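Chemist: Okay, predicted coordinates and the sequence, questions at the end:
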Amino acid sequence: MKWNKYFFSAVLPLLIWQNGRAASIECANTCYASIEQVDNDEVADDIVDENAMIENSVADSIYVEDRQESRYDKRVHRYRKHWAALIPTQFVIQNAGNMGLLSAGIGWDYGKRKQWETDLLVGFIPQHQTTRGKLTMTLKENFIPWSFDLKRGWSVEPLTTSVYMNTVYGHEFWKSQPRRYPSKYYEFMSTKFRLNVALGQRITWQIPSQKRFNARSISLFYEISSCDLYIRTKFMEHSVPLKDILGLSLGIKLQTL
């Protein structure tokens, strides 16, 4: 402590004048000894503090090394990533399109620009000239090659392409031709499954972050579609009008993730 040395240096002449030289020198030696003891104690404390900091640093380093991922941790993280990919990212509602009066389901988007989509839809065909209504199921794959941003959170997809397979649940529909029909009467066609193709467009609104609740964006779309049976009929009977083999479908998509 340097200020103590300065203090006693200033007081020392007064001590010599008041109490005599010998007593003053003895007092000064005592004072300087106490100062040196204090300085030595401070140096020792500094050394202890430095040693403690070094030990803490070493302990922290050891702790970090112990926290490195093991092969087991990496495998668990990889499994979790794969399972997380199964979480649906969108919800779709669509009418018509050879899928029933109304269909609804979940979907996933993926790809570098989220240009690929896979939808799984369940639809309903109401009772019409039949004894009961029917359920349908559709597996649909979409490809959106372009997306253009507009102002105020709006964007447009000028072209969407789709290929999907759907089926109708019911004993009236069959996968292979029943024996009651002549051989190859329906050739390779079945009434159980239908292969469909569609082209369409979309417009999307990105919901502002402060107003989002269950969805990140909302898309409205339309599609013009046809199925394998209608296309086959058109090729075999050229007189069939094009409008008779095409159908219009409207839908809405909620992007949840």
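Modeler: Perfect, thanks for sending it.

Chemist: can you pull the buried residues of stretch 240-252?
Modeler: Ile245, Gly247, Ser249, Gly251 (16 or more other CB atoms under 10 Å). Every C-beta, even on glycine, is put in place using the N, C-alpha and C of the backbone.

Chemist: Tally up the residues packed near Phe124, please.
Modeler: A count of nearby residues for Phe124, using other CB atoms under 10 Å, gives 14.

Chemist: can you pull the pLDDT of it?
Modeler: Confidence at Phe124, expressed as pLDDT, is 91.

Chemist: Please report how far it lies from Tyr169.
Modeler: Using CB to CB, to the nearest Å, one gets 11 Å for the distance from Phe124 to Tyr169.

Chemist: Find residues that contact each of these two.
Modeler: The overlap between the contact sets of Phe124 and Tyr169 (CB atoms under 8 Å, 6 or more residues apart in numbering) consists of Lys134, Leu135, Thr136.

Chemist: Now for the first one: which residues touch it?
Modeler: This means Lys134. Gly100, Phe124, Ile125, Val168, Tyr169, Gly170.

Chemist: now Thr138
Modeler: Here Thr138 is in contact with Met99, Ser103, Gly105, Asp119, Leu120, Leu121, Val122, Gly123, Tyr164, Met165, Asn166, Thr167 (CB under 8 Å, 6+ apart).

Chemist: could the residues you listed go into CSV alongside neighbour count and secondary structure?
Modeler: Shown next, in CSV, are those (neighbours: other CB atoms under 10 Å; DSSP: H, G, I helix; E, B strand; the rest coil):
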residue, neighbour count, secondary structure
Met99, 26, coil
Ser103, 25, strand
Gly105, 20, strand
Asp119, 24, strand
Leu120, 14, strand
Leu121, 24, strand
Val122, 16, strand
Gly123, 23, strand
Tyr164, 22, strand
Met165, 15, strand
Asn166, 21, strand
Thr167, 17, strand
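
Chemist: pLDDT weak spots in the protein?
Modeler: 1-67, 129, 172-191 (pLDDT under 70).

Chemist: can you give me the helices for it?
Modeler: For the chain, applying DSSP state H gives helices covering 2-19, 21-66, 71-84, 228-236.

Chemist: If you count neighbours, what's buried in the last one?
Modeler: If I follow you right, that is helix 228-236. Leu229, Tyr230, Lys234.
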